[in-house]
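Student: I would like to see how this sequence folds:
(one chain, ligands or ions: 1)
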Amino acid sequence: MIIRVHARWVLPIAAPVIRDGWVDVDPTRGEIVGVGAAGAPGPVPATTIDLGHAAILPGLVNAHTHLELSHLAGRVPPASSFVAWVRAMLGVRFGAPTTMGEVVEAAATAIASAETAGTAAVGDIGNTDAAIGPLAASSLSGIHFREALGFKADDAGRIASETRLGAMTAQGRLAEEGCARVIASVAPHAPYSTSAPLIGALSPGRPVTWFMTREQPACPVSSIHLAESPEELEFLSSGTGPFRDLLTDLGSWDPDWQAPGVAPVTYLQQLGALHRDLLVVHGTQLTRPELDVLAGVGATLVLCPRSNRWVGAGVPPVADAVAAGVRLAVGTDSLSSVADLNVFAELAALRAAAPAVPAATLLRAATLGGAQALGLDHLGVLAPGASSRAVVRVPPADVEDVEEWLVADAADTSDLRWLDTLVAGVGNRQSGVDSGH
Ligand SMILES: [Zn+2]
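Tutor: Prediction:
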């Protein structure tokens with residue numbers, strides 16, 4: 001059975017908005033089988049739903065978060081400089097006793113609220129397995145990145161192996177729980193916390209991490225926090241400043257380390273760690289020449305403007321990134337640096353940071369951009385073969401530009417419904433009628 005869902009606006013994302021459009025859904029496969037405009041020729045399915053004044057768009061993709069930090073919600077206050085915030089975060093994370101059960105429960109609660117806010121997929125960073133159970137039990141698709149940290153070059157081989165083992169264990173648990181929607185990969189944390197050989201060891205083509213088993217090749221997608229703060233630029237350029245003090249205080253300083261003396265994107269290039277499947281997260285300090293390099297390589301810049309503001313890191317160069325043609329995605333980062341995991345709220349912050357960027361560009365980043373970056377072919381668009389895990393929103397009656405409303409004013413998601421849930425309800429009632437119950 002196919003169910004046709006009409007709405008005032010249908011947003012395929014990979015094509016212009018359809019006014020008075022429809023989406024045909026096969027509820028048994030959870031798949032979209034057609035998208036079109038009212039009055040288009042062709043057979044009309046027997047079962048139709050008219051949502052009236054509503055918009056249908058793909059489920060949103062939160063390309064960067066740390067679900068296992070959800071128990072820190074509201075516990076790390078905003079800071080005026082990034083390293084001050086990092087020190088406060090480490091103090092809270094490792095200072096107060098927290099049980100694994102509390103961490104897991106907070107991750108599950110965060111996932112539930114993300115689902116309520118229209119999120120269909122995540123790029124989740126983790127140092128432990130805490131988020132794996134909640135992810136497997138949820139509706140979310142995506143990648144769980146096992147994160148590597150370690151600034152001492154001598155530790156690189158050991159940490160790379162441990163990180164790979166962590167990703168393999170996570171992958172095994174996901175498989176055990178019957179979850180094929182989420183896969184595991186590895187990711188270095190950032191240039192100021194992860195040594196050059198460790199970043200290199202976690203890059204494509206390095207056998208230490210780049211296979212899981214002979215049967216299952218590893219996910220090629222990786223992620224790194226990059227050019228997040230002015231302090232990171234100072235550290236890479238001269239080896240001085242608050243990051244050097246922090247590493248020294250943590251006992252992580254490597255006395256043999258030499259500052260590379262280059263900008264963050266150049267540094268990654270030199271390590272062979274800049275590639276098309278890389279998610280470059282934050283980038284508040286990226287210059288136009290670096291953005292041009294990212295565009296040329298095809299890496300994705302993940303924008304997290306609310307977290308950047310919270311940690312005192314700056315404002316991402318959204319308009320310059322768009323002008324350079326960089327592939328873009330949207331992330332919230334963790335609940336230790338943002339009030340919620342609501343991607344619509346992140347879009348509103350992006351709109352404020354880039355008033356002249358077309359709404360369609362920002363919407364694409366929050367859907368198709370993230371889906372492509374994470375290799376999720378079934379998400380990000382409304383098109384035949386795509387998932388029916390799509391979002392239904394009800395704009396105010398006087399809205400004329402629905403894309404602008406979704407980007408600027410749609411952070412209150414109390415009207416939000418899921419297309420697949422809505423269609424499943426109708427399908428069940430229909431099959432109940434058909435079989436005489
Ligand atoms: Zn992060």
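Student: how's this protein carved up into domains?
Tutor: What automatic domain parsing lists as the domains of the chain is 3-58+381-434, 60-373.
Student: As CSV, these with mean pLDDT and mean neighbour count would be great.
Tutor: All C-beta spots, glycine's among them, are computed from the backbone N, C-alpha and C. Formatted as CSV, these follow (pLDDT from 0 to 100; neighbours: other Cβ atoms under 10 Å):
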stretch, mean pLDDT, mean neighbour count
domain 3-58+381-434, 93, 17
domain 60-373, 94, 20
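Student: Endpoints of stretch 392-402, how far apart?
Tutor: 12 Å (Cα to Cα, to the nearest Å).
Student: From the rest of the structure, what touches it?
Tutor: 7-9, 11, 17, 51, 53-57, 118, 359, 405-406, 410, 413, 415-419, 422 (Cβ atoms under 8 Å, 6 or more residues apart in numbering).
Student: Out of those residues, which sit inside strands?
Tutor: Secondary structure defined by DSSP state E assigns 7-9, 55-57, 417-418 of the contacts of stretch 392-402 to strands.
Student: Which of those residues lies at the shortest distance from residue 344?
Tutor: Nearest to residue 344 among the ones in strands among the contacts of stretch 392-402 is residue 57, at 10.6 Å by Cβ to Cβ.
Student: Tabulate the ones in strands among the contacts of stretch 392-402 (a markdown table), appending distance to residue 320.
Tutor: A markdown table is the format used below for the ones in strands among the contacts of stretch 392-402 (distance: Cβ to Cβ, whole Å):
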| residue | distance to residue 320 |
| --- | --- |
| 7 | 35 |
| 8 | 34 |
| 9 | 30 |
| 55 | 29 |
| 56 | 32 |
| 57 | 26 |
| 417 | 36 |
| 418 | 35 |
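Student: what kind of secondary structure is the most centrally placed residue in the chain in?
Tutor: For the chain, residue 63 is the residue whose C-alpha lies nearest the centre (Cα atoms, centre = their mean; 0.9 Å). What DSSP: H, G, I helix; E, B strand; the rest coil gives for residue 63 is strand.
Student: Hmm, residue 332 and it touching each other?
Tutor: No. Judged on Cβ atoms under 8 Å, residue 63 makes no contact with residue 332 at a distance of 9.2 Å.
Student: List the neighbours of the helix or strand hosting residue 329 that are in contact with it.
Tutor: Counting by DSSP states H and E, the element that carries residue 329 is strand 327-330. By Cβ under 8 Å, 6+ apart, the residues outside strand 327-330 that reach it are 60-64, 123, 279, 295, 298-304, 318, 321-322, 343, 346-347, 350, 361-362, 364-366, 369-370, 372-373.
Student: just stretch 376-391 next, same as before
Tutor: With Cβ under 8 Å, 6+ apart, stretch 376-391 has contacts from 10-15, 23, 25-27, 30-35, 56-61, 118, 120-121, 139, 141-142, 367-372, 416-420, 423.
Student: thinking again about what came up before, check the ones in strands among the contacts of stretch 392-402 and tell me the two furthest apart.
Tutor: By the measure Cβ to Cβ, 8 and 418 form the most distant pair in the ones in strands among the contacts of stretch 392-402, at 18.1 Å.
Student: ok, which stretches of the stretch 101-250 of the chain are helices?
Tutor: Taking DSSP state H, counting those that start in this stretch to define them, one finds helices in the stretch 101-250 of the chain at 132-137, 156-176, 196-201, 230-238, 242-249.
Student: Those: which one's closest to residue 43?
Tutor: Closest approach to residue 43 among the helices of the stretch 101-250 of the chain (Cβ to Cβ): helix 132-137, 38.8 Å.
Student: mind checking how far that closest one is from the chain centre?
Tutor: Chain-centre distance of helix 132-137: 16 Å, with Cα atoms, centre = their mean, to the nearest Å.
Student: Also stretch 236-253?
Tutor: What separates the centre of stretch 236-253 from the centre of its chain is 29 Å, taken as Cα atoms, centre = their mean.
Student: Ok, stretch 242-262 next?
Tutor: Centroid separation for stretch 242-262 versus its chain: 29 Å, with Cα atoms, centre = their mean.
Student: and residue 33, how far is that from residue 23?
Tutor: Separation of residue 33 from residue 23 (Cβ to Cβ, to the nearest Å): 9 Å.
Student: Over to residue 413?
Tutor: Distance, residue 413 to residue 23, by Cβ to Cβ: 20 Å.
Student: Nearest residue to residue 194 in space, please, no chain neighbours.
Tutor: Spatially, and ignoring its direct neighbours in sequence, residue 194 is nearest to residue 188 (4.3 Å; Cβ to Cβ, 6 or more residues apart in numbering).
Student: dump the residue contacts of that neighbour.
Tutor: Counted by Cβ under 8 Å, 6+ apart, residue 188 has contacts 147-148, 194, 198-199, 202, 222, 224, 273.
Student: Can you check my assumption that residue 332 lies in a strand?
Tutor: No. Counting by three-state DSSP, residue 332 falls outside a strand, being coil.
Student: doesn't residue 341 make contact with it?
Tutor: Yes. Shown here, residue 332 and residue 341 form a contact pair, counting by Cβ under 8 Å, at 4.9 Å.
Student: what residues are shared contacts of those two?
Tutor: In contact with both residue 332 and residue 341: 62, 65, using Cβ under 8 Å, 6+ apart.
Student: Could you find the closest non-adjacent residue to residue 83?
Tutor: residue 242 (3.8 Å).
Student: for residue 111, same thing?
Tutor: That would be residue 138: by Cβ to Cβ, 6+ apart, it lies 4.7 Å from residue 111.
Student: Who are the contact partners of the residue nearest to residue 342 when sequence neighbours are not counted?
Tutor: Leaving aside its sequence neighbours, residue 342 sits nearest to residue 117 (Cβ to Cβ, 6+ apart; 4.1 Å). The contact partners of residue 117, taken as Cβ under 8 Å, 6+ apart, are 60, 340-345, 413, 416.
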